[in-house]
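Engineer: Sequence and predicted structure, then a few things I'm wondering about:
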Amino acid sequence: MLLDEFLRGAKGAGVKTEKVALRDLNIKHCTSCSKCFKTGRCVIKDDMRALYPKLVKADILVVTSPVAFSGIFSRPKTMIDRCQALWARRHILGKDLRGGRRNMIGVFISTGGSNSKMTFRGSIDTMTTFFNTLQRARKYRLLFGSIDKKGDIKRLKGALMSAYKLGKRITG
């Protein structure tokens with residue numbers, strides 16, 4: 001729901017958007033083979049091959065995930081782990097992923113059951129490292145605690161509107 005509101009705001013600002021649902025993709029786990037250290041490319045043949053260019057080229061990349069035990073869920077984490085190839089391309093092979101384009105944006109939107117300040121700590125570290133690897137200079141996040149069930153976000157006054165406004169503001 002939060003992502004849909006963000007995208008609605010972005011579309012309202014005239015931005016072309018594409019929503020990719022990781023649950024619909026076949027993405028295998030990284031095997032730590034380190035072959036990407038030589039080529040900057042992952043040897044696993046799955047849906048990540050089509051996702052890599054989108055991750056690199058998007059001017060604004062939004063990742064959403066609920067958190068459990070202070071970390072993001074397995075599907076987005078698996079996608080991030082598979083970006084080890086992009087990390088290798090950039091940090092071992094010294095290639096600029098963005099082709100000189102700067103000021104790209106990374107957005108992390110998340111919910112968690114707890115409302116403790118520790119709830120999002122691990123996920124924030126993961127997302128910051130991920131966005132840094134993809135050369136995302138500007139980073140934003142929307143984090144909402146006390147969300148346990150689907151639809152709970154509707155009861156938090158202003159939550160959906162804040163996602164809409166962020167989509168409109170950073171894209172407009």
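Structural biologist: Ah, there it is.

Engineer: Could you pull up the residues touching Phe37?
Structural biologist: When the contact criterion is CB atoms under 8 Å, 6 or more residues apart in numbering, the partners of Phe37 are 88, 92. Using the backbone N, CA and C atoms, a C-beta is placed for each residue, glycine as well.

Engineer: Now do the buried residues in the strand or helix carrying it.
Structural biologist: With secondary structure defined by DSSP states H and E, Phe37 is part of helix 36-39. When neighbours are counted by 16 or more other CB atoms under 10 Å, the buried residues of helix 36-39 are found to be Cys36.

Engineer: same question for the next helix or strand after it, mean pLDDT?
Structural biologist: Proceeding C-terminally, helix 36-39 gives way to helix 48-57 as the next helix or strand, assigned by DSSP H and E. Predicted confidence along helix 48-57 averages 95 (mean pLDDT).

Engineer: can you name the farthest residue from the center of the chain?
Structural biologist: Seen from the C-alpha centroid of the chain, the residue lying at the greatest distance (CA atoms, centre = their mean) is Lys38, 25.6 Å away.

Engineer: quick one: that one and Ala88, what's the gap?
Structural biologist: Lys38 sits at a distance of 8 Å from Ala88 (criterion: CB to CB, to the nearest Å).

Engineer: quick one: secondary structure of Leu143?
Structural biologist: Using DSSP: H, G, I helix; E, B strand; the rest coil, the structure places Leu143 in strand.

Engineer: could you say which helix or strand contains the spatially most central residue of the chain?
Structural biologist: Geometric centre of the chain, nearest residue: Val63, 2.6 Å, by CA atoms, centre = their mean. Taking DSSP H and E as the criterion, the element that holds Val63 is strand 60-68.

Engineer: Just the CA coordinates for that strand, please, in CSV.
Structural biologist: Once side chains and other backbone atoms are set aside, the C-alpha atoms of strand 60-68 remain, and they are given as CSV (Å, rounded to 0.1, in the frame of the first residue of the first chain):
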residue,chain,number,x,y,z
ILE,A,60,14.9,6.3,-8.4
LEU,A,61,15.0,2.8,-6.9
VAL,A,62,12.4,2.0,-4.2
VAL,A,63,12.8,-1.2,-2.2
THR,A,64,10.0,-2.2,0.1
SER,A,65,10.0,-4.9,2.8
PRO,A,66,8.6,-5.6,6.1
VAL,A,67,11.1,-6.4,8.8
ALA,A,68,11.4,-9.4,11.1
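
Engineer: for that strand, packing partners?
Structural biologist: Secondary structure elements in contact with strand 60-68, counted by 3 or more CB pairs under 8 Å, 6 or more residues apart in numbering; DSSP states H and E, are helix 2-12, strand 71-72, helix 74-82, strand 104-111, helix 121-133.
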